[in-house]
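# Provided below for reference: sequence and predicted model.
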Amino acid sequence: GQQLNQSPQSMFIQEGEDVSMNCTSSSIFNTWLWYKQDPGEGPVLLIALYKAGELTSNGRLTAQFGITRKDSFLNISASIPSDVGIYFCAGQLRDNYGQNFVFGPGTRLSVLP
Amino acid sequence: ETGVTQTPRHLVMGMTNKKSLKCEQHLGHNAMYWYKQSAKKPLELMFVYNFKEQTENNSVPSRFSPECPNSSHLFLHLHTLQPEDSALYLCASSQEGRIGTDTQYFGPGTRLTVL
């Protein structure tokens, strides 16, 4: 089936640094979502992207829907300790052949004070 | 708070036990979902209910039995589970069960341990 790859798998950064992570697939999607999951909690939606090329911000977070529809990236500016967690991308595709919703394996972010 | 609640938050059960997980959404959505999250594996979609009707069953073993009495409540009945079924079970809801266009909102999950 369709799979998403996320990179990096994990990263350690200093507080105040900017962060960039991405999500790629061999298949196209028509929606990309970014979620954050804190330990012991469910994923919380951060940003939803619905159009190729779309660039959307949510506070210090910025995400873009790749032109090829096969990738997306998430940037976090001026990281703070509460940014720690696992960031998941998810791709959604609904077309005449059916529907699919796939999560990536996640990027684990650690922020050092 | 996402408007989706799950109980219990933690559950330990033996392989011969029968237990149920409960999910409730307060968002007025019409679709609800069960996911399994195992360590080091992507989230796996298990079941989808749309307007109380099951529309997806991703080859889930019969020892997992979902029930959706109304659009706001979803249960996952468990019986004769295996240790490899230990995982975080997440519930989600969306406006309609159109995977591909509807954004899903997740509950906090139930951490299940099977001994």
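Perfect, I can see it now.
# only C-alpha atoms for contact and neighbour calcs from this point on.
Fine.
# shaky segments in the chain?
Using chain A here. A:1-2, A:94-99 (pLDDT under 70).
# should've been chain B
Per-residue confidence for chain B (pLDDT under 70) gives these ranges: B:1-2, B:97-101.
# make it 80
Within chain B, the ranges that satisfy pLDDT under 80 run B:1-2, B:40-42, B:55-58, B:96-103.
# would you tell me which strand is longest in chain A?
Longest strand in chain A by number of residues (criterion: DSSP state E): strand A:85-95.
# show me the contact partners of that strand.
With Cα atoms under 8 Å, 6 or more residues apart in numbering or on different chains as the test, strand A:85-95 has contacts from A:4, A:6, A:23, A:28-39, A:99-110, B:98-101.
# now, of the residues you listed, which are buried?
When the contacts of strand A:85-95 are checked for burial by 16 or more other Cα atoms under 10 Å in any protein chain shown, the buried set is A:4, A:6, A:23, A:28-37, A:100-110, B:98-101.
# looking at those, which are in strands?
A:4, A:6, A:23, A:31-37, A:100-103, A:107-110.
# count of residues packed around the nearest residue to B:His77 once chain neighbours are set aside?
Distances taken as Cα to Cα, 6 or more residues apart in numbering or on different chains put B:Ser20 closest to B:His77, at 4.3 Å, once the chain neighbours are dropped. Using other Cα atoms under 10 Å in any protein chain shown, B:Ser20 has 16 other residues around it.
# and what about B:Ser20, helix, strand or coil?
Following DSSP: H, G, I helix; E, B strand; the rest coil, B:Ser20 is assigned to strand.
# quick check: the gap between B:Phe47 and A:Leu112.
B:Phe47 sits 39 Å away from A:Leu112, going by Cα to Cα, to the nearest Å.
# same thing with A:Asn75?
Noted for A:Asn75: a distance of 18 Å to A:Leu112, by Cα to Cα.
# for stretch B:61-75, buried residues please.
Using 16+ other Cα under 10 Å as the test for burial, stretch B:61-75 gives B:64, B:66-68, B:71-75.
# just the CA trace of that stretch, in PDB.
Included here for stretch B:61-75 are C-alpha records, laid out as PDB according to Å, rounded to 0.1, in the frame of the first residue of the first chain:
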ATOM      1  CA  PRO B  61      -8.900  -9.700  13.600                       C
ATOM      2  CA  SER B  62     -12.300 -10.700  14.900                       C
ATOM      3  CA  ARG B  63     -11.000 -10.500  18.500                       C
ATOM      4  CA  PHE B  64     -11.600  -6.700  18.000                       C
ATOM      5  CA  SER B  65     -15.300  -6.000  17.700                       C
ATOM      6  CA  PRO B  66     -16.500  -2.400  17.100                       C
ATOM      7  CA  GLU B  67     -19.900  -1.000  18.000                       C
ATOM      8  CA  CYS B  68     -21.400   2.400  17.100                       C
ATOM      9  CA  PRO B  69     -24.800   2.900  18.700                       C
ATOM     10  CA  ASN B  70     -25.000   6.500  17.600                       C
ATOM     11  CA  SER B  71     -22.900   9.200  15.900                       C
ATOM     12  CA  SER B  72     -21.400  10.400  19.200                       C
ATOM     13  CA  HIS B  73     -20.300   7.100  20.700                       C
ATOM     14  CA  LEU B  74     -18.000   4.400  19.500                       C
ATOM     15  CA  PHE B  75     -16.900   1.200  21.400                       C
END
